[in-house]
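**Student:** For reference, the sequence and a predicted model appear below.
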Amino acid sequence: MASLNQLLDSLHVARTSKEVSAVIVLIGKAVESLLEGLTPGLQTEPEMLARFRDANILVLRALADQRAYGPNWTGRQVTMALVEARDDIKWNIDAVDSLIRSNLINLYEYDKCLAACMESGTTSVIQFAMMLVKIYLIDDRSNAHIIESDLFGTIEVLSKIANHSRTPPDGLVQLVDMIKMSSERIEHDLAMSGPTAQLHSGIQQAREFEDPPGLLEKTEFLLREWVNMYHSPSAGKDSTKAFTIFVQQMNLHGLLKTDDLITRFFRMSTQMCVDLCYRALAEQNNNPTLVRAKCFHTLDAFVRLIALLVKHSGDQQNTITKVNLLNKVLGIVAGVLLIDHDVRATDFQQVPYHRIFIMLFLELNAPDQILETINFQVLTAYCNMLSILKPAKVAPGFAYAWLEIVSHRVFIGRILSLTPQQKGWPMYAQLLTALFKFLSPFLRNAELAKPVHRLYRGTLRVLLVLLHDFPEFLCDYHYGFCDVIPPNCIQMRNLILSAFPRNMRLPDPFTPNLKVDMLPEISIAPRMVTNFAALIKPSFKKDLDSYLKNRAPVSFLSELRTNLQNTSSNAADAGMRYNISMINALVMYVGTQAIQFIRAKGHSPSMSSIAHSSHMDIFQNLAVDMDTEGRYLFLNCIANQLRYPNSHTHYYSCCLLYLFAEANTEAIQEQITRVLLERLIVNRPHPWGLLITFIELIKNPTFKFWSHEFVHCAPEIQKLFESVARSCMVASQPRQEGAADQPATTAE
């Protein structure tokens, strides 16, 4: 009651003085009153407590009114008062909860303060943060007073404590996992709403066959009518005249009355077009060109109808209706395709579906004022549809057509070049990753039957186009691609790793006495779009960070190989004993941490600066402790970073040469040589970093490369080494005297 009296006094002063400072004092009193009065354990009637809370909140709400000081200013002052309150009352969950639910706190500022306070590690603050997060992100999800982004800093610190603390507070690890699961579920729900929901519902509606009586006949009649109108000379520019008449006919037949009827019309029309194609393709002794022309006669007309209906649906400015209709139609065609694929199995024909999808994409991306407003949504719809139909168990029979769409010049141009701010890049990377994953088991086991070999060659051609026209795209996504491409796909990986930014002029790797460490680009880190640190298991990453910082726990190195092996349950799926993604992530994480560590000491990577560190301990341990398979995968992961001149290429080149120089057995040196050599004996292109590393290895007398037994183990092997050395050093000067004891491998 005393605090309420003080509040009344402050209110009176604020009203009479009309000074802003008096209002700030009033806000401070109200906040303090709440923090003291809503303390748990007070022997007060619940009704009295509620009235006490409401009295304080009422004062603050009155000040937040637009006619008074407004919500923004009041929110800032309330937050400041809360942050500056006494420590013994500051962490009162009931009081803070009341203020949040009354929209009286600036959550962005409060989150920053709470995160900073938790960094000090006070148990009471962490317990308070856990309760706050649990209330809003787990227990009371539906009210959405707070979403994850509002408490980003708090969640980040809680996750850090859960993953790195030796003894995290009880329930914290489970809470962090629950937040993650809850967040993923909401993302999924959002993804399944709006246009994407229309795509999925279209696929489902393709399986609904209980149509109203007479609808099939109406659809067949209308489709035939439209095909004739489309090909008629009086159809008008882009079939606009024909379309106006046809829409009137659709109205007369009642097909535009409901969404359900228009959906059924699209489904039946798609099936009719597909059936016509199957009949044409089944005709004996027909010229393939004539068969295609017959199919396209109907298919192209149907596509134009879809494009016009999408363009003119809703008001001119109403993009939502247009995008929803497009997604629905794509879903229906995809659904018909999936049913057809299941039913016909090996007799399945890709032709009609490929034609519908690609011609519709071209129609919707034609220069047009209305269609240009939905260009990005069209692209997103197509990427979602292609993700559903990706070459996998769902529809492997559609794989060639799928690749043709993904590699079409207009599709690539739209997604990688014309879409602003590179918004299409992640979507295209996702599609390529799906393709690599499909090919992976065949390539890993070298099971290249003729159909798979054709798909593989098609994939290489796509990569060549990307290397030539969009090298920056390959530079940005090289890590994710190499993560899913099997280790034995050397040519494919070389195409990706040879990419370098178009504004860069590559130094000639064959330049005599090339000073790599003096190149201006060599200190610049490449752009990385993959969060590789997040791919490392939290428990393992905690020990990894500890070892990098303190070289402890001692057991970390001895347990390292086990941590990188697949568990018995998924080893069969992966086809390997080792988890390649984990090795990749570890190599990248340790390497980037090492570069930061070296730079912090004012050095740049070199054979001496990378030595005798916790980072090199890990790499040397992997080189020595792993078996042949594991070591090969580990060395491959390092070689994947030997690309164009940048700080990563420089560090990993030094790293590979250091591991060669310090190896305790010739087996390690032989394997390092193998990893480099097998990437050089395939057709060009060869990554710049790979060339400079191999040239340094065979030229620098320090490594005594030519004295190793594996170089001379067989005449054909020796000839191979000499041949590669000649081609690598074709522009080099004659050998120096220091290398006189080596075979004649350089061009004289």
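**Tutor:** Thanks, I have the structure now.

**Student:** Pretty sure residue 25 sits against residue 17.
**Tutor:** No: when contacts are counted by C-beta atoms under 8 Å, residue 25 is not listed as touching residue 17 (9.8 Å). Any C-beta I mention is one placed from the backbone N, CA and C, and that applies to glycine too.

**Student:** For the two, indicate the residue with more neighbours.
**Tutor:** The residue with more neighbours, out of residue 25 and residue 17, is residue 25; 16 against 12, by other C-beta atoms under 10 Å.

**Student:** residues in contact with residue 216?
**Tutor:** Applying C-beta atoms under 8 Å, 6 or more residues apart in numbering to residue 216 gives the contacts residue 268.

**Student:** Run the chain-centre distance for the helix or strand it falls within.
**Tutor:** Element membership for residue 216 (DSSP states H and E) is helix 215-231. Its chain's average C-alpha position is 43 Å from that of helix 215-231, according to C-alpha atoms, centre = their mean, to the nearest Å.

**Student:** CA atoms only: put it into PDB for me.
**Tutor:** What follows is helix 215-231 as a C-alpha-only set of coordinates in PDB (Å, rounded to 0.1, in the frame of the first residue of the first chain):
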ATOM      1  CA  LEU A 215     -17.900 -31.800 -66.300                       C
ATOM      2  CA  LEU A 216     -15.600 -34.100 -68.300                       C
ATOM      3  CA  GLU A 217     -17.600 -33.500 -71.600                       C
ATOM      4  CA  LYS A 218     -17.600 -29.700 -70.900                       C
ATOM      5  CA  THR A 219     -13.900 -29.700 -70.300                       C
ATOM      6  CA  GLU A 220     -13.100 -31.700 -73.500                       C
ATOM      7  CA  PHE A 221     -15.300 -29.400 -75.600                       C
ATOM      8  CA  LEU A 222     -13.800 -26.300 -74.200                       C
ATOM      9  CA  LEU A 223     -10.200 -27.500 -74.500                       C
ATOM     10  CA  ARG A 224     -10.800 -28.400 -78.200                       C
ATOM     11  CA  GLU A 225     -12.400 -25.000 -78.700                       C
ATOM     12  CA  TRP A 226      -9.500 -23.200 -77.200                       C
ATOM     13  CA  VAL A 227      -6.900 -25.100 -79.200                       C
ATOM     14  CA  ASN A 228      -8.800 -24.200 -82.500                       C
ATOM     15  CA  MET A 229      -9.100 -20.500 -81.300                       C
ATOM     16  CA  TYR A 230      -5.400 -20.400 -80.300                       C
ATOM     17  CA  HIS A 231      -4.300 -21.500 -83.800                       C
END
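
**Student:** Just the buried residues of it, please?
**Tutor:** Across helix 215-231, burial judged by 16 or more other C-beta atoms under 10 Å covers 215, 218-219, 222-223, 226-227, 229-230.

**Student:** can you redo those residues as a markdown table with distance to residue 697 and pLDDT?
**Tutor:** Formatted as a markdown table, those follow (distance: C-beta to C-beta, whole Å; pLDDT from 0 to 100):
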| residue | distance to residue 697 | pLDDT |
| --- | --- | --- |
| 215 | 73 | 91 |
| 218 | 75 | 93 |
| 219 | 70 | 93 |
| 222 | 71 | 94 |
| 223 | 67 | 94 |
| 226 | 68 | 94 |
| 227 | 67 | 94 |
| 229 | 71 | 93 |
| 230 | 65 | 92 |
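
**Student:** Closest to residue 86 out of these?
**Tutor:** residue 215 (74.0 Å; C-beta to C-beta).

**Student:** Please save the CA atoms from the helix or strand harbouring residue 465 in CSV.
**Tutor:** Under the criterion of DSSP H and E, residue 465 resides in helix 450-469. Output of helix 450-469 as CSV, limited to C-alpha atoms (Å, rounded to 0.1, in the frame of the first residue of the first chain):
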residue,chain,number,x,y,z
LYS,A,450,24.1,-45.5,-69.9
PRO,A,451,21.1,-43.5,-68.6
VAL,A,452,23.1,-42.4,-65.4
HIS,A,453,26.1,-41.6,-67.5
ARG,A,454,24.0,-39.3,-69.8
LEU,A,455,22.6,-37.5,-66.7
TYR,A,456,26.2,-37.2,-65.3
ARG,A,457,27.4,-35.7,-68.6
GLY,A,458,24.5,-33.3,-68.6
THR,A,459,25.4,-32.2,-65.1
LEU,A,460,29.0,-31.5,-66.1
ARG,A,461,27.8,-29.3,-69.0
VAL,A,462,25.6,-27.3,-66.6
LEU,A,463,28.7,-26.8,-64.4
LEU,A,464,30.7,-25.7,-67.4
VAL,A,465,28.1,-23.1,-68.2
LEU,A,466,28.1,-21.9,-64.6
LEU,A,467,31.9,-21.8,-64.5
HIS,A,468,31.9,-19.7,-67.7
ASP,A,469,28.9,-17.3,-67.0
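
**Student:** Contacts for that helix next, please.
**Tutor:** 391, 399-400, 403, 406-407, 412, 416, 432, 435-436, 439, 442-443, 448, 473-474, 491-492, 495-496, 498-499, 685.

**Student:** Now with 6 Å, please.
**Tutor:** By C-beta atoms under 6 Å, 6 or more residues apart in numbering, the surrounding residues in contact with helix 450-469 are 399, 403, 407, 442, 474, 495, 499.

**Student:** Quick one: mean pLDDT over that helix.
**Tutor:** Across helix 450-469, the average pLDDT comes to 94.

**Student:** picking up where we left off before, can you tell me which of the contacts of helix 450-469 are in helices?
**Tutor:** Members of the contacts of helix 450-469 lying in helices (criterion: DSSP state H): 399, 403, 442, 474, 495.

**Student:** chain center to the helix holding residue 465, what's the gap?
**Tutor:** Here helix 450-469 shows a centroid-to-chain-centroid distance of 22 Å under the convention C-alpha atoms, centre = their mean.

**Student:** what's the spacing between the nearest residue to residue 230 once chain neighbours are set aside and residue 603?
**Tutor:** Spatial nearest neighbour of residue 230, excluding adjacent residues (C-beta to C-beta, 6 or more residues apart in numbering): residue 301 at 3.9 Å. Going from residue 301 to residue 603 by C-beta to C-beta, to the nearest Å gives 69 Å.

**Student:** Those two: which has the busier surroundings?
**Tutor:** For residue 301 and residue 603, the more surrounded residue by other C-beta under 10 Å is residue 301, and the numbers stand at 21 against 12.

**Student:** Provide the secondary structure category for the residue nearest to residue 683 when sequence neighbours are not counted.
**Tutor:** Leaving out its chain neighbours, the residue that sits closest to residue 683 by C-beta to C-beta, 6+ apart is residue 491, at 6.6 Å. Three-state assignment for residue 491 (DSSP: H, G, I helix; E, B strand; the rest coil): helix.

**Student:** so residue 491 sits right up against residue 684, yeah?
**Tutor:** No: between residue 491 and residue 684 there is no contact under C-beta atoms under 6 Å: 9.8 Å.

**Student:** Which one of those two is surrounded by more residues?
**Tutor:** Neighbours per residue (other C-beta under 10 Å) separate residue 491 from residue 684, with residue 491 holding more: 14 against 9.

**Student:** which of the residues in the helix holding residue 465 are buried?
**Tutor:** 452, 455-456, 458-459, 462-463, 466-467.

**Student:** what do you get for stretch 274-293?
**Tutor:** Using 16+ other C-beta under 10 Å as the test for burial, stretch 274-293 gives 274, 276-278, 280-281, 291-292.

**Student:** nearest to residue 316, of those residues?
**Tutor:** Proximity of the buried residues of stretch 274-293 to residue 316 was ranked by C-beta to C-beta; the top entry is residue 274 with 32.5 Å.

**Student:** excluding its backbone neighbours, what's nearest that closest one?
**Tutor:** Closest residue in space to residue 274, ignoring its immediate chain neighbours: residue 352 at 4.7 Å, by C-beta to C-beta, 6+ apart.

**Student:** what about that neighbour, how many neighbours?
**Tutor:** 28.

**Student:** Please enumerate residues in contact with the host helix or strand of it?
**Tutor:** Taking DSSP H and E as the criterion, residue 352 maps to helix 351-364. By C-beta under 6 Å, 6+ apart, the surrounding residues in contact with helix 351-364 are 273-274, 277, 299-300, 303, 306-307, 333, 337, 371, 378, 401, 405.
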